[in-house]
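> sequence and computational prediction follow.
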Number of protein chains: 2
Amino acid sequence: MNCMFSSTTFYLYSIIHYICHMKTKYTIKDIANLAGVSKGTVDRVLHKRGKVSQDALEKVNKILEEIDYQPNLMARSLKNNKIFSICILLPDPNSDPYWLPCIEGIQNAKAEFMPFNISLETFFFNPESTKSFLEINSIIIKKSPDAVLLVPLFFKETLNVIEKYNASKILVTTFNNQIQSKSIKSFVGQDLIQSGRVAAKLLDTILKKGDIAIVHINEVFKNAIHMQEKEKGFRNYFEEINGSKYKIFTCKLKHPSFKKDLIDFLENHPSISGIFITTSKAYQVAEVIEQIDNSKITIVGYDLLDKNIKYMKKGIIDFLINQNQKRQAYLGTIGLIEHFIFNKDISNKLLLPIDIVNTENAKYYTA
Amino acid sequence: MNCMFSSTTFYLYSIIHYICHMKTKYTIKDIANLAGVSKGTVDRVLHKRGKVSQDALEKVNKILEEIDYQPNLMARSLKNNKIFSICILLPDPNSDPYWLPCIEGIQNAKAEFMPFNISLETFFFNPESTKSFLEINSIIIKKSPDAVLLVPLFFKETLNVIEKYNASKILVTTFNNQIQSKSIKSFVGQDLIQSGRVAAKLLDTILKKGDIAIVHINEVFKNAIHMQEKEKGFRNYFEEINGSKYKIFTCKLKHPSFKKDLIDFLENHPSISGIFITTSKAYQVAEVIEQIDNSKITIVGYDLLDKNIKYMKKGIIDFLINQNQKRQAYLGTIGLIEHFIFNKDISNKLLLPIDIVNTENAKYYTA
DNA sequence: TTGAAAGCGCTAACAC
DNA sequence: GTGTTAGCGCTTTCAA
């Protein structure tokens, strides 16, 4: 009973409203005194470590119910000064620059919790190689960290490695790609269907006439589900509007015939006035549009890659939707850190805002 | 030398890159041993509390230079278990619903740091009364908190009260409204000029023809500077485009002749195809437009008030710019808390993203 | 000027 | 079963 927690709200300007919570903060010693037992016994009850008589158990629990005991986390983690270790696994940013901002997000998390005993190790795998994914995962398992935060790009392989982590009692959380599994304790990412709807609304607001193309750029198979969900949300938006005035075409492109196929598609569909690109490669479409077309086609794409921003500044890309990888990685990391240090619950699913970006607000999302 | 901080980056998928920092974490005891003095002496050096011989000072400093000592904040705050108290002062949400989300932001901050010894008290003042502002501030000063976070709506009065806080050694930080004063240790808010530019870019993207009106709704004088800065950024954007095709009119409205004046203005300017409203009262313009006009006028306004969202869903307001009061209040609060608990620096100026909101992504910013 | 020691709240090993 | 105790790292008081 030696410290207090107070919470008050004041309100004044003719009348004065005064609301005040005074909450006493109890320590284990207080509880021991109140229950007439020793600190050790209280601790055994709190941690369900057994070896407590029925009588003592009831006395302590009675007090605990009455007082809303909040353990002092500072003291707890001072005592248990174990080094928690977290391994983070994501696709190699050298293979796809989309992942680059994640590094910064992880570093920010690390910097923020620098004074605490946290060991963070970051690993990259080749996004085009399930083998590299499996290899790195077995390296991580050998290090037996307390938790792993990973991007589950490959469905089957992920379920496979998760079982191994589970067997080793290693906590698994994910970001960017959502995979259903009760063994995954947390997912941080975006609602892709909803992000398709955001893109649809943008084009619906801008376009006065013409038709729309959904462009999928087929890089590696990892994105297949992503692209499908975005298309689903996009079409869904227009289906809900009775009597939508646009025809919507889907256009699947892949290298190396990308450029030729896109040009052919546009020539065959001269009514196209808006394009929605479902990957972060909008700049590749913009390059082509810039060369062939003077008439204005509105383009909505994803992600603040340098090349995308360049074409947005040129006026060829109109909007970019920010998938916020950096913040995904940051929140995934601090979620684990705060769980270990402060005993916080890990939120099962955290859906980040779907940011609409134009030339004028871009700097706030890239910084 | 009894615990470690490690930081590693792995990279593998044909070659293995392995980068590993192993940083030993030192305690005061370690330093004392290394320097051949006692813990007490090390502490005196660390805190510059004097009473240390030249010889001892040099020995300790030499070690400190070599090892990059990071004090254990858990232990420190366990020892100094003082209750830090923070008072928060903002305009009454009953007078202007704009401020309502701030309450939630403050409560989130409170919930997040519940286990620590922080006392938070929230006060409201009448945004139309400098007197109430001064009265509440003198109540707060009497409570002598460790810090105050306030919305400095009134320039002169704010400078006045800040001096008093300074004299009482109470830390002052601000949010939402920026006032230049070296006595203000932190500001959390948005760049209003840039937010005007964001609005301009939106209208520039959407409008195909016609002219633009900037509408100021004159509620109370508090907003005068806000509105001016937004207009400045807005016009600035179009001035930078050589040969902008729009004429831009400024329209100042105030109640009770608001509706009539707006209708008159639109009748006198039939070319208007886009409206930028510089306050959170876009819904008032939308109400009028809905009644008088079938032709499409594009509207960009501010803030996710229920009424604004309602008109956005009706298709009358096209975009809302989110000033993110909730996050401003949240970040302002946790900035202070982390300063007190973890000794973190308070960032002098924190500019939040200027979020572009349409019907499809609104829920992420209001939740 | 310096070192020794107590104690913040919690945990866990160790006697009884 | 239960209470006592040492100790996590830091601060601060008190003797020396």
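That came in fine, so what should we check first?
> phi, psi for residue A:353 please.
With angles defined as degrees, to the nearest 10, residue A:353 shows backbone torsions of phi -60, psi 150.
> which parts of chain A sit against DNA strand D?
Of all the residues in chain A, those in contact range of DNA strand D (CB under 7 Å from any atom of the strand) are A:36-41, A:44, A:51-53, A:55-57, A:75, A:78-79, A:81. Bear in mind the C-beta positions are built from the backbone N, C-alpha and C, glycine included.
> try it again with 10 Å
A:28-29, A:32, A:35-45, A:49-57, A:59-60, A:74-81, A:115, A:117 (CB under 10 Å from any atom of the strand).
> so which of those residues belong to helices?
Counted as lying in helices by DSSP state H, out of the residues of chain A next to DNA strand D, are A:28-29, A:32, A:35, A:39-45, A:54-57, A:59-60, A:74-79.
> of those, grab the buried ones for PyMOL.
Buried residues among those (16 or more other CB atoms under 10 Å in any protein chain shown), as a PyMOL selection:
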select buried, chain A and resi 28+32+35+41+42+44+45+56+57+59+60+74+75+77+78
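> could I get the full set of helices for chain A?
Counting by DSSP H, the helices of chain A are A:28-35, A:39-46, A:54-67, A:73-79, A:100-112, A:130-143, A:155-167, A:192-206, A:224-240, A:258-268, A:282-292, A:306-313, A:325-342, A:362-366.
> mind giving me the packing neighbours of the last one?
If I follow you right, that is helix A:362-366. With contacts taken as 3 or more CB pairs under 8 Å, 6 or more residues apart in numbering or on different chains; DSSP states H and E, helix A:362-366 sits against helix A:306-313.
> beta-bridge partners for residue A:300, please?
residue A:276, residue A:319 (DSSP bridges).
> that one touches residue A:203, doesn't it?
Yes - the criterion here is CB atoms under 8 Å, and residue A:300 meets it with residue A:203 at 6.0 Å.
> so which of the residues of chain A next to DNA strand D reach chain B?
Among the residues of chain A next to DNA strand D, the residues lying close to chain B (CB under 8 Å from any CB of the partner chain) are A:74, A:75, A:77, A:78, A:81, A:115, A:117.
> which residues does the first one contact?
Neighbour list for residue A:74: B:74, B:75, B:77, B:78, B:81, B:116 [criterion: CB atoms under 8 Å, 6 or more residues apart in numbering or on different chains].
> can you list phi and psi of the fifth one for me?
In other words, residue B:81. Torsion angles, degrees, to the nearest 10, at residue B:81: phi -80, psi 70.
> if I look at it, how far off is residue A:74?
For residue B:81, the distance to residue A:74 equals 8 Å [CB to CB, to the nearest Å].
> likewise residue A:109?
For residue A:109, the distance to residue A:74 equals 20 Å [CB to CB].
> over to residue A:242?
For residue A:242 relative to residue A:74 (CB to CB), the value is 59 Å.
> how about residue A:343?
Separation of residue A:343 from residue A:74 (CB to CB): 12 Å.
> okay, now the domains of chain A?
Taking automatic domain parsing as the criterion, chain A consists of the domains A:2-71, A:82-190+A:325-353, A:192-322.
> quick one: neighbours of whichever residue of the stretch 201-350 of chain A sits closest to chain B, just the number.
Of all residues in the stretch 201-350 of chain A, residue A:201 sits closest to chain B, at 4.5 Å by CB to the nearest CB. For residue A:201, the count of nearby residues is 21 (other CB atoms under 10 Å in any protein chain shown).
> ok, it - contacts?
A:237, B:358, B:359, B:360.
> name the nearest of those relative to DNA strand C.
For the contacts of residue A:201, the minimum distance to DNA strand C (CB to the nearest atom of the strand) is 45.3 Å, reached by residue B:360.
> wait, that closest one sits on residue A:203?
No - if you go by CB under 8 Å, residue B:360 and residue A:203 don't touch, sitting 11.4 Å apart.
> the more surrounded of the two?
residue A:203 (24 against 21).
> excluding its backbone neighbours, what's nearest residue A:348?
With sequence-adjacent residues excluded and distances taken as CB to CB, 6 or more residues apart in numbering or on different chains, residue A:348 is closest to residue A:186, at 6.0 Å.
> next, count neighbours for the one you found.
Using other CB under 10 Å, residue A:186 has 22 neighbouring residues.
> and if you look at residue A:62?
Neighbourhood size, residue A:62 [other CB under 10 Å]: 12.
> please name the residues that touch it.
Going by CB under 8 Å, 6+ apart, residue A:62 touches residue A:35.
> again with residue A:321
Going by CB under 8 Å, 6+ apart, residue A:321 touches A:195, A:198, A:199, A:300, A:301, A:302, A:303, A:354, A:355, A:356, A:357.
> ok, now with 10 Å
For residue A:321, the contact set (CB atoms under 10 Å, 6 or more residues apart in numbering or on different chains) comprises A:190, A:195-196, A:198-199, A:202, A:230, A:276, A:280, A:282, A:300-304, A:354-357, B:361.
> show me what contacts residue A:244?
Here residue A:244 is in contact with A:200, A:204, A:212, A:235, A:237, A:238 (CB under 10 Å, 6+ apart).
> if I look at the fourth one, how far off is residue A:191?
Meaning residue A:235. Residue A:235 is 16 Å from residue A:191, by CB to CB.
> and for the third one?
Residue A:212 sits 21 Å away from residue A:191, going by CB to CB.
> same question, the fifth one
Note on residue A:237: its distance to residue A:191, by CB to CB, is 13 Å.
> so those two - more neighbours on which side?
Neighbours per residue (other CB under 10 Å) separate residue A:237 from residue A:191, with residue A:237 holding more: 22 against 19.
> near the residue in the stretch 251-367 of chain A positioned nearest to DNA strand D, how many other residues are there?
When scored by CB to the nearest atom of the strand, the stretch 251-367 of chain A has residue A:341 as its residue closest to DNA strand D, at 14.2 Å. By the criterion of other CB under 10 Å, residue A:341 has 20 neighbours.
> so which bits of chain A are right by DNA strand C?
A:1-3, A:25-32, A:38-44, A:46-47, A:49, A:51, A:69-82, A:343.
> so, in contact with chain B or not, stretch A:140-150?
Yes - against chain B, stretch A:140-150 shows contacts by CB under 10 Å from any CB of the partner chain at A:140, A:143.
> coming back round to it: can you list residues touching both of residue A:343 and residue A:74?
Listed contacts common to residue A:343 and residue A:74 are residue B:115; contacts here mean CB under 10 Å, 6+ apart.
> let me know whether residue A:87 touches residue A:168 as I believe.
No - counting by CB atoms under 10 Å, residue A:87 stays clear of residue A:168, with 11.9 Å between them.
> next, show the common contact partners of the two.
Common neighbours of residue A:87 and residue A:168, counting by CB under 10 Å, 6+ apart, are A:140, A:141, A:144, A:145, A:148.
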